[in-house]
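Visitor: the following comprises the amino acid sequence and a computationally predicted model.
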Amino acid sequence: MNRRTLPALAARATATALLLTACGGESSGAGEKMPGAGESSAGASASASEKGEAIDRPEMKFPKDFKMTWDVATTADPDEAAAVNDARNYMEATFHAVTEQDPEDSAYKFYVVPLSQAQQYAKETVEAIVKRGWTVTGELRHSNVQARKGESEKLITVSFCQNESEAFSREVKTGKVLKDQGSEEPYYAYSVLMEKSTSIEGFWQAKTASATKGAAQCA
């Protein structure tokens, strides 16, 4: 489809950049609680769900015209299930900051290792969009969610695909739709390194994050 894609949002020490769709729609104000925010991912084990629900998480709400959906397969490993759930929450919290127009939103800070690259990544992403006077609308779809344990039991890499074909942006002040700037590949492959909390049982925080545009595995 015809779409305008944001340029690299900011230079990062990791040399990664996040490219986001920028088209439009109309704002409908505050809406329902975002799907899955603060809840276990679909298919997560019961034990991971119970631990996750016991955590005092920040409340996040999306406008009615924007949502993020996730197709998450079942996993019997409670650590993997919890890491996937909180990687999802990290992504949703980042876009929550966009809808709130607040690069310092406390929600995404809750889901990151303090002062980590993931925190800076989220902040710069939000800043770049907000400075342009944009917000988001539509639906961001996520699939092919996978969790991979590393050598350390405290680290799990969560990868997934993001489809932006039904997600757009608009100018906050005018509501103008931004599009028709050429056809762009709407798929992105994300990788989020999650670290197990040492103080909260069943809680994982994002340590690093990166995205690759037009990844073959996501097409």
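Guide: Yep, that arrived. Residues are numbered from 1 along each chain as shown.

Visitor: okay, strands next: where are they in this protein?
Guide: 30-33, 61-63, 66-70, 134-149, 155-163, 167-171, 187-196, 204-213 (DSSP state E).

Visitor: now do the buried residues in the third one.
Guide: Judged by neighbour count (16 or more other Cβ atoms under 10 Å), strand 66-70 contains these buried residues: 66-68, 70. C-beta here means a position set from N, CA and C on the backbone, and glycine is covered the same way.

Visitor: which of those residues sit farthest apart?
Guide: Farthest pair in these (Cβ to Cβ) is 66 and 70. Separation: 14.5 Å.

Visitor: the longest helix anywhere in the chain - what's its average pLDDT?
Guide: Ranked by residue count, the top helix of the chain under DSSP state H comes out as helix 78-100. In this model, helix 78-100 has a mean pLDDT of 97.

Visitor: for the chain, give me the ranges with low pLDDT.
Guide: 1-53, 179-183 (pLDDT under 70).

Visitor: so how far is residue 101 from residue 64?
Guide: 17 Å (Cβ to Cβ, to the nearest Å).

Visitor: sorry, slip of the keys, the one I care about is residue 136.
Guide: For residue 136, the distance to residue 101 equals 11 Å [Cβ to Cβ].

Visitor: now swap in residue 72 and tell me
Guide: 29 Å.

Visitor: quick test: name the residue nearest the centre of the protein.
Guide: residue 91 (1.7 Å; Cα atoms, centre = their mean).

Visitor: wait, isn't that residue in contact with residue 69?
Guide: No. The criterion here is Cβ atoms under 8 Å, and residue 91 misses it with residue 69 at 11.6 Å.

Visitor: now do the shared contacts for these two.
Guide: With contacts defined as Cβ atoms under 8 Å, 6 or more residues apart in numbering, the residues shared by residue 91 and residue 69 are residue 142.

Visitor: tell me which of residue 72 and residue 101 has more neighbours.
Guide: Neighbour count, other Cβ atoms under 10 Å: between residue 72 and residue 101, residue 72 has more, with 22 against 14.

Visitor: which residue is the nearest non-sequential neighbour of the residue nearest to the centre of the chain?
Guide: Closest residue in space to residue 91, ignoring its immediate chain neighbours: residue 68 at 7.0 Å, by Cβ to Cβ, 6 or more residues apart in numbering.

Visitor: just to check, that neighbour is in contact with residue 140?
Guide: Yes. The pair residue 68 / residue 140 is scored as a contact, 4.6 Å apart, by Cβ under 8 Å.

Visitor: overlap in contacts of these two?
Guide: With Cβ under 8 Å, 6+ apart, residue 68 and residue 140 have common neighbours residue 95.

Visitor: how about residue 158, what does it touch?
Guide: Counted by Cβ under 8 Å, 6+ apart, residue 158 has contacts 83-84, 87, 145-148, 191-194.

Visitor: closest one of the residues you listed to residue 201?
Guide: Among the contacts of residue 158, and counting by Cβ to Cβ, the member closest to residue 201 is residue 83, at 13.4 Å.

Visitor: check the gap between the closest one and residue 96 for me.
Guide: Distance from residue 83 to residue 96, by Cβ to Cβ: 20 Å.

Visitor: same check, this time on residue 165
Guide: In terms of Cβ to Cβ, residue 165 sits 21 Å off from residue 96.

Visitor: which of the two has more neighbours?
Guide: A count of neighbours by other Cβ under 10 Å puts residue 96 above the other of residue 165 and residue 96, at 25 against 16.
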